[in-house]
Each structure stands twice: as C-alpha cells, then as structure tokens.
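Student: got a predicted model here, sequence first, then my questions.
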Amino acid sequence: MKLKSLIRENDVLVPVEVEINFTPGLPQIQFLGLPDQGIRESIHRIKSAIRAQGFEFPKSQQVLVNLRPNHLKKSSRGLELAVAMGILWESEQIPKPDDTVMVYGELGLLGEVYEPGDLTTDFEPDGKVLVWTGQTQNTSAVFDRYELGCLQDIREPVEIAAVPREYEVRRPEADLQLRFPERQARLLEVIALGEHSVLLAGPAGSGKSTIARTLSALLAAPTQEDMHTISKNNRGGSEAPLRWRPVVHPHHSTTALGLIGGGVPPFKGEITRAHKGIMILDELLEFNVRAQEALREPMEESMIRIRRSRYVEEFPAESLMIATTNLCPCGDWVPKSKVVCGRSLKKCQSYMERLSGPLVDRFHITFFTKKREDGDSVSGEEILEKLEASRRFRAKLSIQDARFKKLASRWSFEELVLDLPSFYMKELFPKEISSRRRELATLRVARTLADLEQVEKLQPQHVEKALKMTFEPVEALKRLGC
C-alpha cells in the first residue's frame, strides 16, 4: 500500500511517499527511512487510535512503514494519520481509494484527528490528490491556496476537493491621513512608485520613522501571486492573516544570522520575511557592522544563497529597504547645518565610521530630513491618488513596451539608456561619479520621475533632478565634517 503525506524540510512542507507492508512477526510498527524521534513516538498514538475507533491492529503482523526518499531525515507532525489510514486500507478494514491520496493530520489516543500546527506551511498539491485533515477551530487552515476539509475521526474519511484560495487584500489607510511637507511628499512619491531603497538621515523627531511607516500604505496593491508568496514567507509569526505587504522592523541588536538567515539546515532570515514588502532598519548605525555588511548582496541581487555543510538554499529577498539613522551622537547634525554639539570631533567621526561606504552605495536614494520644513503640506491620500494615476500610465505603456511591466528599480542599465542619446551620457553625469552603481541608481530614479510626470521617454532633465537625490547627498556624506 502506497500513499502520500508530508514532512517538514526547514519550514516548508514537502511530499513524502509512505509505503506500508505487512510481514509476519510481532504486532508492532517499524519505521524505515530516517524518521526522527517525533515520528517514532507516533507509533503508540497510531495503535491506540485504531483500537479506540473499533478497528483491529493486524495480529501476528509487523507493520513496516518505509518513508521515501530514504536518504532524507524525516520530521513531521501529521504523518501519523497517513500511517493509520494506510494500515486500515492495507488490512481492508475500510475501502481503498481509487486515486493517489495525500493524508496529513495528528491523532489523539481515542482516534480524534487534529490540525497539525505546521499545516499552513507552503505546499501545493501536484496533480489530482485528496487531502484529509482533522476537525479544527482554525478556519484559516490552508495549504496556502488550497482550502482543507475537516474529519472528526478516522472512521469515515471524506474526500475533499482542492479549492483555490482567494486572499483578502486591504490597504492600510490610517497613515494616509497624515500630511507631509512638500519635499518629503515628493520623496514618498518617488520611493513608492519605483520602490527605490532609501537611507534617511537627520535629527531625531524630523519624520524619518513616519516616512518609513507611511510608505507601506502607498505601495502598489499586491497580486494574488504576491500574497501567496508573502504568506509562505511569514509562517510562524502573528496568527492574524496578512492582508497587505509585510513590514519587517528588526531590532538593531539582530545579528547577521537573524537578518539574512543561515544555520544547518539553512533557515530564512528577516530579509526573506520582508520579501514583496518593506524592511525598515531603524537606527542603522546601531546595527552590528557584520549585520550591515551581510545586507549588501541581497540588496543587490534581491535574493540570497546560503550554503551550510551539504545544504544549499536560495531565499527570495526582493524587499524595499529603508534605513534611518542619526549622523552624530547628539542626533542633530546633517550636512550644511550649523549645530552646537557637545561631543568632540573625534567622537562624531568615530560614530560615522560605522556607516559602510559600499552599503550606502547600494541605497538608490539618500535623503536628509530637517526638523523644520518649508512649503505647503500634502496628505497621504493626495500622494496615493497621484501614484495610482502614474501606475495606470505605466500599465498602458506596458502593453507596447515590456520594460514597463517591471518597476523602475528593476530596469537594467541597457534598458534605461535606450531613451538617451550617447553624447548625453558623457555630459549628464559628474566626472566625480566613480561608481557604475551610482549611475544605475540615478537612471532608475530618473525613470520614476518620468513616470510621475507621465512621460514615456526618459529625458536629460529627469536625470538632472535624480542626481539631487542619488549623487549629491552621497557626496555630502563623503565630505562629512562635524
């Protein structure tokens, strides 16, 4: 008798073949295929459940349970229901199913079937399968896209059809009531439309955290596919279902291992939890230097590849990275400002030395906040209205030009320069720009500025405006004095 069930590999459920055979011997269950201690303990629950429900455990028969693939260490919370059902099918105490079946659930000693705690870990059935699970009060029990039916006990299993799950998407609107100075509002428009990573530096109380928090409500609505991925990467967190893009806010004491993942076997880090959402690094300079440096590759590649021992795992890391920091121990200093600081020059310089140049170079935009901003204020709702108009503009262009299907922050250098004559490229960028990464960041932000103006072709004036967000602030940091 063969059936399918699930085992846990890291925090993901993966299919496993359960092969059951009876051989003469003592009436006991013998697991083969590297089961862990938890699976071995299920032997007693399986025997008790079968007898408590009025069935007979095979007499003078040893039950061999082979778990394939044989070379993987097996860990599972719901494999015991599969073994119990397999024994009843093989002993012909209940009719065998006609099709391949997949069974997953925990057993009580009296035969009750319970929802395993890891049931909502990502899994998508392959082909036509049946899924059975136990009675549960958790109405959100799902294999991500597949609703599950409930089974009171092992006596009368009921066939359950897989039904595609629809995720509820709800934009967080509380922060849209806030008003922002004109300069900050312009920044929010650029970041939210192009999803450009940003380093916010400035005095305490100048709006850095408010900008970071509000950005979530201004992002484009996630698709059902996005929500599927988000749900998969955020198992084990809050019990409340996610209805929008995740906002991950790790404490500055978080280690490099916690940020990017690792271990044996490798597990996901905070940056993967933030996939398709926002990761906020509040007080960036308080993070350990190793933790800061560990973010460089995933910020560049939007994924992270971890190799530990014989394990190799690739985790997605396509998140909008927002970092906030003060530039001086007093918290008030920004370039071109006059601040009476009680700290010594040496102390201020040593504080700034924690900020890695290569890490700063990976932020598309650097923005200095101020305690007092001039100009008219703009509400979050007004910003969102403008963003939605720009998104509709991009959607129309994407029909004819595939580049517009991607965010501006994902365009390649070659795609961006198609709209600019070659002689412009030599004149537009300051000779001091030594990083090709700075040039690429500038062109991507320029593309977003063009989208905000609903202009199809990237033009030199867009690049000139982008330089004030991508190049000039970085140069100001290099010329730092306190």
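Tutor: Here it is on my side, so go on. Numbers count the residues shown, from 1 in each chain.
Student: give me every residue that touches the residue located most distally from the centre of the chain.
Tutor: Within the chain, residue 60 marks the point farthest from the mean C-alpha position, 51.5 Å out by CA atoms, centre = their mean. Taking CB atoms under 8 Å, 6 or more residues apart in numbering, we find residue 60 in contact with 24, 25, 27. The way it works is simple: take the backbone N, C-alpha and C, and place the C-beta from them, glycine included.
Student: which ones among these map onto strands?
Tutor: Counting by DSSP state E, those place residue 24 in strands.
Student: tell me the most packed of the contacts of residue 60, by neighbour count.
Tutor: For the contacts of residue 60, counting by other CB atoms under 10 Å, the largest number of neighbours falls to residue 27: 14 neighbours.
Student: I'd say it and residue 57 touch.
Tutor: Yes - Residue 27 lies in contact with residue 57 (CB atoms under 8 Å); the separation is 5.8 Å.
Student: just the pLDDT at the residue nearest to residue 63 when sequence neighbours are not counted, thanks.
Tutor: In space, and not counting its chain neighbours, residue 63 is closest to residue 29: 4.6 Å by CB to CB, 6 or more residues apart in numbering. We have a pLDDT of 89 for residue 29.
Student: now residue 29: how far from residue 60?
Tutor: Separation of residue 29 from residue 60 (CB to CB, to the nearest Å) stands at 14 Å.
Student: and what of residue 77?
Tutor: 31 Å.
Student: report the buried residues of stretch 422-430.
Tutor: Applying a neighbour-count criterion of 16 or more other CB atoms under 10 Å, one finds 428, 429 buried in stretch 422-430.
Student: how far off centre is that stretch?
Tutor: 38 Å (CA atoms, centre = their mean, to the nearest Å).
Student: show me the shaky parts of this structure.
Tutor: Low-confidence segments of the chain (pLDDT under 70): 10-11, 97-101, 115, 117-165, 235-240, 331-345, 348-349, 430-434, 480-482.
Student: tell me the domain boundaries of it?
Tutor: As assigned by automatic domain parsing, the chain contains the domains 2-147, 174-377, 383-474.
Student: please state the offset of the last one from the chain centre?
Tutor: Pointing back at domain 383-474 there. In terms of CA atoms, centre = their mean, the centre of domain 383-474 is found 26 Å from the chain centre.
Student: ends of that domain, what's the gap?
Tutor: Start-to-end span of domain 383-474 (CA to CA, to the nearest Å) is 26 Å.
Student: helix/strand/coil for residue 14?
Tutor: strand (DSSP: H, G, I helix; E, B strand; the rest coil).
Student: now it. Nearest residue, chain neighbours left out?
Tutor: Leaving aside its sequence neighbours, residue 14 sits nearest to residue 7 (CB to CB, 6+ apart; 6.1 Å).
Student: Validate this expectation: that neighbour resides in a strand.
Tutor: Yes - the assignment for residue 7 (three-state DSSP) places it in a strand.
Student: surely it and residue 17 touch.
Tutor: No - with contact defined as CB under 8 Å, residue 7 does not count as touching residue 17 (10.4 Å).
Student: shared neighbours, these two?
Tutor: Residues within reach of residue 7 and of residue 17 at once, by CB under 8 Å, 6+ apart, are residue 67.
Student: more crowded one of these two?
Tutor: Using other CB under 10 Å, the more surrounded residue of residue 7 and residue 17 is residue 7, with 25 against 15.
Student: show me the contacts for the more buried one.
Tutor: Taking CB under 8 Å, 6+ apart as the test, what residue 7 contacts is 13, 14, 16, 67, 72, 74, 75, 76, 79.
Student: the second one against residue 6, yeah?
Tutor: Yes - between residue 14 and residue 6 there is a contact at 6.7 Å, judged by CB under 8 Å.
Student: and those two? which has more neighbours close in?
Tutor: residue 6 (26 against 15).
Student: what's across from the closest residue to the more buried one other than its chain neighbours in the sheet?
Tutor: Excluding the flanking residues, the one nearest residue 6 by CB to CB, 6+ apart is residue 13, at 4.4 Å. Applying DSSP bridges to residue 13 gives these bridge partners: residue 8.
Student: burial of residue 13, as a residue count?
Tutor: Count around residue 13 with other CB under 10 Å applied: 25.
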